[in-house]
Structure formats: C-alpha cells, structure tokens
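**Q** Fold the following and give me the result.
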Amino acid sequence: SDISAMKLLQQDERRDKRLERALTLTHFESFEYYEGRYKKSSKDLAKTVLESFLLGYGGRRLPANAALEFAEESEASRKTFREKFMKQMKQLIDQEPRLGENSDGSFTIWYS
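**A** Just a heads-up that it's a prediction; the model follows:
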C-alpha cells in the first residue's frame, strides 16, 4: 500500500541520515589495531563500513587477521578486536550492528 511504501521510505531516509552523521564522527571511540604487522586505525575501517552501509552494499567483511596486539593473531586477540569494533560501530549508528561468521572463519558486519 502507499502508506507502507511511505513508511519504508521514511525509515530509509532516517537510516541514511544516521549513517551520514556517523561518517563525520568516525574518530569517536576509535582505536589502533594491527593487520599482521601493519598498524591501522579503526576510524578508517569504520568509514569504509559506513560507506558500504550507506551505498546499500549489504555486509562488509572485516579483516581476518585484525588484532589489538602486534603479531598477536590468537583467537582471543581477534575476538577482542571484533568486540571493540562492534562497540564503536554501535556508538556511531545508534544501534547494534549484526556480526556473522563466514565459512572460512572470517566475519562480516551488517547494518542490522
């Protein structure tokens, strides 16, 4: 119906505004992490994920070897990275994103 279509359009507009606002705040709750031996900033990863959400690409695969400690690729360190990044994303988009494990052991994040 027309009312249902209008409600969906309004939801999409609210989501887009939330994502556009979040793109200006990626430094919020950001932290440094490692992909192998390379030091990275979560604000750059957050920006990439938010842009994917805004463009409607669906989920975005997280780096499989991302860890909080240099050369520490233990599952515990990778899990801590994912938890910290999910917390940052929740703060940015004002809702809990969804995280799913892929068949190869990597993870993908979705808007919800």
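
**Q** pLDDT at Met86, what is it?
**A** Model confidence at Met86, expressed as pLDDT, equals 97.

**Q** surely it meets Arg98?
**A** No - here Met86 lies out of contact with Arg98, judged by CB atoms under 8 Å, at a distance of 9.3 Å. To be clear about C-beta, it is placed using only N, CA and C from the backbone, and glycine gets the same treatment.

**Q** Mind listing the shared neighbours of those two?
**A** Among the neighbours of Met86, those also in contact with Arg98 (CB atoms under 8 Å, 6 or more residues apart in numbering) are Ile109.

**Q** These two: which is more packed in?
**A** Legend: neighbour count by other CB atoms under 10 Å for Met86 and Arg98, higher for Met86 (17 against 12).

**Q** where does that one fall, helix, sheet strand or coil?
**A** At Met86, secondary structure determined by DSSP: H, G, I helix; E, B strand; the rest coil is helix.

**Q** what's the burial count for the nearest residue to it once chain neighbours are set aside?
**A** Ranked by CB to CB, 6 or more residues apart in numbering and with sequence neighbours excluded, the top spatial neighbour of Met86 is Leu99, at 6.0 Å. Under the neighbour criterion other CB under 10 Å, Leu99 is assigned a count of 16.

**Q** residues touching Leu99, list them.
**A** Arg82, Met86, Phe107, Thr108, Ile109, Trp110.
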